[in-house]
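Novice: Provided below are the primary sequence and the corresponding predicted coordinates.
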Amino acid sequence: MTTVHRLGDHLVNFYLVDTGSALLLVDAGLPAHWDVLQTALRDLGRPVTDIAAVLVTHGHPDHIGVAERVRAASGAEVWVHESDAPILTEPRQLNKVWKPERSLLGYAARRPSGLRAPLHLARGGALRIPAVRTVRTFTDDQQLDLPGAPLAVHTPGHTHGSSSYFFPEASIAFTGDALVTHDYVAGRVGPCVICRAFTQDSQAALASLEKIAEHELATVLPGHGEPWTDGLAWAARQAVANGIR
């Protein structure tokens, strides 16, 4: 039986997945979340060496913060789509690979409170992410040879390599930032695409939601916001209908 533990804080989610035979980490939070992960492992009575892999949904700093630390401590494989692999190996060169469609300034002018989210990320170490020394990559949708048999699904738009991870037997979808339930900058709650200040290609992002709407999975666990338990297909269709800001 697969059990999921939600980690992170009020703005950032990442997840510890217990497949029974091994642990998987879906995304890796911020550098400041190392203690959060350690506390979760202690509560489970499991060492960090039980983590077999880190499944990275995309290369933004709030999703790769402790990936290298986990890899170095446990020997875990760090998986990411090949398009985002350069971000993991050179996280301080993010802007060479990723550029948002719009400036954050326009959103800040309309809703200054939205700046709390990027400031929170900076305080959590987003500007000092350690490079991941060794990564495993995939290109097309692929079932990974890992405990729990996760299906990596390419969902580009937020970044070129943005991906979701599906666990069909557990009926769980980890959507990273391809589909969130809270966009803190734009102030939206409910299934949506993150605003253009953090999205590279909004049309691709909406097309990716159309793609994953074909999957019937019960629970959606996003990178930001509360879990969604009314089904992936419904959430994806609602996010498409809501459009992008």
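Specialist: All right, it came through fine. Numbering: from 1, shown residues only.
Novice: Leaving out chain neighbours, which residue sits closest to residue 202?
Specialist: Distances taken as CB to CB, 6 or more residues apart in numbering put residue 244 closest to residue 202, at 4.5 Å, once the chain neighbours are dropped. C-beta coordinates here come from the backbone N, C-alpha and C atoms, glycine included.
Novice: show me what contacts that neighbour?
Specialist: Listed by CB atoms under 8 Å, 6 or more residues apart in numbering, the contact set of residue 244 reads 192-193, 195-196, 199, 202, 205-206.
Novice: can you do 7 Å?
Specialist: Contact partners of residue 244, counting by CB atoms under 7 Å, 6 or more residues apart in numbering, are 193, 195-196, 199, 202, 205-206.
Novice: Any idea what the residue nearest to the spatial centre of the chain is bridged to?
Specialist: Nearest residue to the geometric centre of the chain (CA atoms, centre = their mean): residue 176, 2.9 Å. In this entry, residue 176 is beta-bridged to residue 222, by DSSP bridges.
Novice: And the closest residue in space to residue 99 that isn't next to it in sequence, how far from residue 165?
Specialist: Among residues not flanking residue 99 along the chain, residue 200 sits closest, at 6.5 Å (CB to CB, 6+ apart). When distance is defined by CB to CB, to the nearest Å, residue 200 is 20 Å away from residue 165.
Novice: Show me which of these two is the more surrounded one.
Specialist: residue 165 (26 against 20; other CB atoms under 10 Å).
Novice: Using just helix, strand and coil, how would you label the more buried one?
Specialist: strand (DSSP: H, G, I helix; E, B strand; the rest coil).
Novice: residues contacting it?
Specialist: For residue 165, the contacting residues are 26, 55, 57, 150-152, 174, taking CB under 7 Å, 6+ apart as the criterion.
Novice: can you tell me which of those are in strands?
Specialist: Secondary structure defined by DSSP state E assigns 26, 55, 151-152, 174 of the contacts of residue 165 to strands.
Novice: between the residues you listed, which has the most around it?
Specialist: Each of those was scored by neighbours using other CB under 10 Å; the highest score is residue 55's, at 29 neighbours.
Novice: can you give me the helices in the chain?
Specialist: For the chain, helices defined by DSSP state H occupy the ranges 34-44, 61-64, 67-74, 85-89, 94-97, 104-110, 116-123, 202-212, 232-242.
Novice: Can you get me the centre-to-centre distance for the last one and its chain?
Specialist: Helix 232-242 sits 18 Å away from the centroid of its parent chain (CA atoms, centre = their mean, to the nearest Å).
Novice: can you check the second one too?
Specialist: Relative to its chain's centre, helix 61-64 lies at 8 Å (CA atoms, centre = their mean).
Novice: who touches it?
Specialist: Among residues not part of helix 61-64, those counted as contacts by CB under 7 Å, 6+ apart are 12, 27-30, 56-57, 88, 91, 121, 126, 129, 132, 176, 223.
Novice: which one of these is nearest residue 146?
Specialist: Comparing the contacts of helix 61-64 against residue 146 with CB to CB picks out residue 56 as the nearest, at 13.2 Å.
Novice: So the closest residue in space to the closest one that isn't next to it in sequence versus residue 119, what's the distance?
Specialist: Closest residue in space to residue 56, ignoring its immediate chain neighbours: residue 80 at 4.2 Å, by CB to CB, 6+ apart. Computed with CB to CB, the distance linking residue 80 and residue 119 is 26 Å.
Novice: tell me which residues in stretch 93-108 are buried?
Specialist: By neighbour count with 16 or more other CB atoms under 10 Å, stretch 93-108 contains the buried residues 94, 97-98, 100, 104, 107.
Novice: Having no further points to raise, I will conclude here.
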